[in-house]
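*Asks:* structure, please.
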Amino acid sequence: MKTIFKITVGAILFVFMISVSCNKQNNPPEGWVRATFTGVDYSMCVCCGGYYFTANDTNYRALEVVKNSILDNHTRFPKDYFIKFEIPSGTCYGGGDIHVVKVTAIKNVNK
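*Replies:* Below is the predicted model:
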């Protein structure tokens, strides 16, 4: 009887630990958005460059990304991050088929 109790309690604790750890990775912290970066914009024009990403089923291009150590020339895409972004005033920013934005904060999904 004690063995069945130990196995049951162990299984419940295991399921709880798995569910808690999965929720941390899938849900962005308050004020952040989960974004999937899909690649680099290699265009060479006045308002070109940056990174392409998707957030909330909308396509964006980050013309500027805050200085960081997790998104660089060695990043393999697609890659998920939690980000904060804004649309600054200026001729290169705004709407269209792809919204052009500035990423003001970025961090790994797994931390």
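
*Asks:* helix or strand next in line after the lowest-mean-pLDDT helix or strand in the chain, which one?
*Replies:* Ranked by mean pLDDT, DSSP states H and E, the weakest helix or strand in the chain is helix 2-26, scoring a mean of 60. Once the chain leaves helix 2-26, the next helix or strand it forms, by DSSP states H and E, is strand 33-40.

*Asks:* residues contacting residue 78?
*Replies:* Neighbouring residues of residue 78 by Cβ atoms under 8 Å, 6 or more residues apart in numbering: 36-39. Bear in mind the C-beta positions are built from the backbone N, C-alpha and C, glycine included.

*Asks:* out of the residues you listed, which is nearest to residue 106?
*Replies:* residue 37 (9.2 Å; Cβ to Cβ).

*Asks:* so how far is residue 81 from the closest one?
*Replies:* 6 Å (Cβ to Cβ, to the nearest Å).

*Asks:* ramachandran angles for residue 97?
*Replies:* Dihedral pair for residue 97: phi -70, psi -40, per degrees, to the nearest 10.

*Asks:* out of the contacts of residue 78, who's the most crowded?
*Replies:* residue 37 (23 neighbours; other Cβ atoms under 10 Å).

*Asks:* where does the residue most central in space within the chain fall, secondary structure wise?
*Replies:* Centroid-nearest residue in the chain, with Cα atoms, centre = their mean: residue 81, separated by 2.2 Å. Secondary structure assignment for residue 81, by DSSP H and E: strand 79-86.

*Asks:* how far does stretch 62-78 sit from its chain's centre?
*Replies:* Centroid separation between stretch 62-78 and its chain, computed with Cα atoms, centre = their mean, to the nearest Å, is 11 Å.

*Asks:* what comes up buried for that stretch?
*Replies:* 62-65, 71 (16 or more other Cβ atoms under 10 Å).
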